[in-house]
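[1] A predicted structure for the sequence below; I have some questions about it.
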Amino acid sequence: MENILIAEHIRSYTPEAGPVSLAIAPGEWWYLQGRDEECNALFEMLTGLRQPEEGTVTLLGQDLYALKERERAAFRRDHIGAIPRKSGFVPELTLLEQVRLPMVLAGLSQEEIKGRIRKNAFDYLPLHDLYNPAKGCSQRTLALAGLLRALVMEPKVLILNAPFDHLNRKDAMLVWQEVQTVVPSQAMVYLSSAPAPGDIPWTEIQQISGR
């Protein structure tokens, strides 16, 4: 099966992170475990936000950092479902406003936006919860809404920077159940300083460290 995302010896020096290499195909889930600062740096390099000081990142055959900044932003928006540490939501805005944003930027019609939200909704995220400001929502709701925002653009790969690590055990289990239900065929990279959840069918678990 053809790889979707390939990283070849990517490295950051400030902070130190890597070198890390991976080649991930549809349906494969990789868990990269390291210090928080390493995970943050690798998340930015893998998602097109920060050019590696060494190495390359290729998505769907395209070298991310060969693209101009505006082209890379659009390419990232259309093909990568990225979730930063915790939720990345602006507290004062409603979840719906923030879930809709990537689709609005992509020029989708209102009907298409509504359809994609309904299509990707979760059992434990009632649609009426999306009308609430982020600052009034539970951590589980924020985690599921963040996953919904990452999925609505129908990305080829999900790259998650420990967005579920801060959940209590019960909520974390519910969120991971949803993940396994809705993204079984997608490629996924999960970055974390915590041990990998043992009940998830990881394709690869890799330790990451700076030199």
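    Looks like it came in fine.

[2] mind showing which ranges of the protein have poor pLDDT?
    1, 210-211 (pLDDT under 70).

[3] all strands for it, in order.
    Using DSSP state E, the strands found in the chain span residues 5-13, 16-24, 29-33, 54-59, 62-63, 80-83, 157-161, 187-192, 204-207.

[4] what about the ones you listed, which gets the closest to residue 138?
    strand 80-83 (16.8 Å; Cβ to Cβ). C-beta coordinates here come from the backbone N, C-alpha and C atoms, glycine included.

[5] ok so, going back, could you export the strands of the chain as CSV, including mean neighbour count and distance to residue 198?
    Formatted as CSV, the strands of the chain follow (neighbours: other Cβ atoms under 10 Å; distance: least, Cβ to Cβ, whole Å):
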stretch, mean neighbour count, distance to residue 198
strand 5-13, 19, 24
strand 16-24, 19, 21
strand 29-33, 21, 11
strand 54-59, 18, 29
strand 62-63, 13, 35
strand 80-83, 24, 21
strand 157-161, 23, 18
strand 187-192, 24, 13
strand 204-207, 13, 10
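
[6] can you put those strands in TSV and add distance to residue 150?
    Shown next, in TSV, are the strands of the chain (distance: least, Cβ to Cβ, whole Å):
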stretch	distance to residue 150
strand 5-13	15
strand 16-24	16
strand 29-33	14
strand 54-59	15
strand 62-63	20
strand 80-83	3
strand 157-161	6
strand 187-192	10
strand 204-207	21
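
[7] For residue 163, give its distance to residue 19.
    25 Å (Cβ to Cβ, to the nearest Å).

[8] which one of the strands of the chain lies closest to residue 147?
    The closest of the strands of the chain to residue 147 is strand 80-83. By Cβ to Cβ, the value is 6.7 Å.
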